[in-house]
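*Asks:* My questions are about this predicted structure, shown below with the sequence.
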Amino acid sequence: MSERFRPSEIETSSGTGSYLGIIPVTITNFEDRTSEFDWADMFIDITLTSPNSQYPYTMSVLGSYDKEPNGNIKTCSLLKRVYNLFDSIGFEGGPNKEGTLVDKEGKVIDNFEKYLHDNFLKQLGNKTLYAYAYKEQAKNGKVYTKVYPKFGTSESDLEGYVNFLKSKNLIKEVSESGNVVPTIDSNSDSSESMPF
C-alpha cells in the first residue's frame, strides 16, 4: 500500500480559499477570439496570474455593441467593459462610431491581438490590478471559476461594485458543490441603474 503524496506547500483550505474573491492579478496574455463568433463585436480572453493561485485565470471581455438605427454604436454594457479594460492597460484608442478598433490617432488596427502584445504586454507584467474571481454554474451543470470582466486599481476600488452586482443578483455565484451563494441584501432603490 502506498501513501498519498501531499507536499507541505499544498495547504488545506476551508470553504472558498483566497484564490476567490477580490484578488491581485497581472496580465500575461491577450487572445482575440472575435473572428470565431459571428455574433461577437468583441471577444478578448485575458490571461491573468495571481500570487493567490498556482493556476492562471481567464477574464473574457465579450459581447455585441448596441447600435443606433444608422448602424453606429451607442453606449452599452460592452462599451463600458471595453473602456474599463483599455483604461486599465493604458490603451488610448478604442472603437470608432462603426465599432472598428482604432489607435489614439484614429488609425485602424488590423490585428488587435498583435497590437496588444507589441504595445502593452511587457509593461503590464509589472502592473498589479484587481479582479473578482468566483464560482459559477454553467448550463451543463458543472461549476467553473469565472472572473468578472472589470479591473480595479485596489481591493476597495472593486468592493462596492461587486457588492452592488451581488445585491442585484447580477453575479450568479455558487459554492464548489454547486449550491447557490445567497445574495447580499440591498437597501438600494430597485430603479438604480447598474454602473456598467
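*Replies:* Looks like it arrived, so ask away.

*Asks:* what's the neighbour count on Glu113?
*Replies:* 16 (other C-beta atoms under 10 Å). From N, CA and C alone the C-beta is placed, and that goes for glycine too.

*Asks:* these two touch, right, Lys74 and Lys67?
*Replies:* Yes. Between Lys74 and Lys67 there is a contact at 6.5 Å, judged by C-beta atoms under 8 Å.

*Asks:* Neighbour count: the two, which is higher?
*Replies:* Lys67 (15 against 10).

*Asks:* what residues are up against the closest residue in space to that one that isn't next to it in sequence?
*Replies:* Of all residues not flanking Lys67 in the chain, Ile73 sits nearest, at 5.7 Å (C-beta to C-beta, 6 or more residues apart in numbering). Each residue near Ile73 by C-beta atoms under 8 Å, 6 or more residues apart in numbering is listed here: Asp41, Tyr65, Asp66, Lys67, Leu79, Pro95, Lys97, Glu98, Gly99.

*Asks:* Need the three-state assignment for Asn84.
*Replies:* With DSSP: H, G, I helix; E, B strand; the rest coil as the basis, the three-state label of Asn84 is helix.

*Asks:* Dihedrals phi and psi, the residue minimising distance to the centre of the chain?
*Replies:* The centroid of the chain falls nearest to Pro149 when counting by C-alpha atoms, centre = their mean (2.3 Å). Here is the backbone geometry of Pro149 (degrees, to the nearest 10): phi -80, psi 70.

*Asks:* what's the burial count for Glu142?
*Replies:* In this structure residue 142 is Lys, not Glu. For Lys142, using other C-beta under 10 Å, the count is 9.

*Asks:* Glu136 versus that one, what's the distance?
*Replies:* Going from Lys142 to Glu136 by C-beta to C-beta, to the nearest Å gives 10 Å.

*Asks:* what do you get for Leu20?
*Replies:* Taken as C-beta to C-beta, the span from Leu20 to Glu136 is 11 Å.

*Asks:* With Phe37 instead?
*Replies:* Phe37 is 20 Å from Glu136, by C-beta to C-beta.

*Asks:* all helices in this protein, in order from the N-terminus.
*Replies:* 77-89, 112-116, 122-124, 155-167 (DSSP state H).

*Asks:* so which of the ones you listed comes closest to Val61?
*Replies:* Ranking the helices of the chain by proximity to Val61 (C-beta to C-beta) places helix 77-89 first, at 5.2 Å.

*Asks:* For that closest one, name the packing helices and strands.
*Replies:* strand 42-50, strand 53-63, strand 94-95 (3 or more C-beta pairs under 8 Å, 6 or more residues apart in numbering; DSSP states H and E).
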